[in-house]
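Undergrad: I need the structure of the sequence given here:
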Amino acid sequence: MFWKALACWFLLLVVAVTSGGLREKLLKPRMGELRAHQVGTFLVCIVFGALIVAFARWTAMGPSQAAVIGCIWTAMTVAFEVSMVRVWMKKPWSAVFADYNLRRGRVWILVLLTTLAGP
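TA: Numbers count the residues shown, from 1 in each chain. Alright, predicted model coming up:
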């Protein structure tokens, strides 16, 4: 089960990174940064949901396994995001937390909630 969960998380990662690139190239020039962020986030959540349903059917996991996998996936996602923004892109902590500011219309937290609750 562990290796299947890890493989699925890497697939989710590929989807998220690819979506970010497509959002920057296709959506942002047409609708602006904030709306592109919102639309891109909702699209990622939909794709994640479909992949997580397929994963759940493939593995036939129980509720306790699903809860553990959701927590692990979420922790791995946060660790990846922080390492990308802070280490690779060398941006400040404010940049890490910027996409989680619901008051400013930033809805990236929905991706984490989908990752956590999805399984």
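Undergrad: and residue 32, backbone torsions?
TA: Main-chain dihedrals, residue 32, degrees, to the nearest 10: phi 90, psi 170.
Undergrad: Going by neighbour count, list what's buried in the lowest-mean-pLDDT helix or strand in the chain.
TA: Every helix and strand of the chain was ranked by mean pLDDT, DSSP states H and E. The lowest is helix 93-98, at a mean of 88. For helix 93-98, burial by neighbour count (16 or more other CB atoms under 10 Å) applies to residue 96. For every residue, glycine as well, the C-beta is placed using N, CA and C.
Undergrad: next SSE after that helix?
TA: helix 109-117 (DSSP states H and E).
Undergrad: Okay, buried residues for that following helix please.
TA: Those would be 110, 111, 112, 114, 115, 116, for helix 109-117 by 16+ other CB under 10 Å.
Undergrad: what's the answer for stretch 68-83, then?
TA: Neighbour count says stretch 68-83 has 69, 70, 72, 73, 74, 76, 77, 81 buried, by 16+ other CB under 10 Å.
Undergrad: Now, those that are in helices?
TA: 69, 70, 72, 73, 74, 76, 77, 81 (DSSP state H).
Undergrad: Excluding sequence neighbours, find me the nearest residue to the last one.
TA: So that's residue 81. Counting by CB to CB, 6 or more residues apart in numbering, residue 81 lies nearest to residue 96, which is 6.9 Å off, once chain neighbours are set aside.
Undergrad: and the one you found, what does it touch?
TA: 81, 82, 85, 86 (CB atoms under 8 Å, 6 or more residues apart in numbering).
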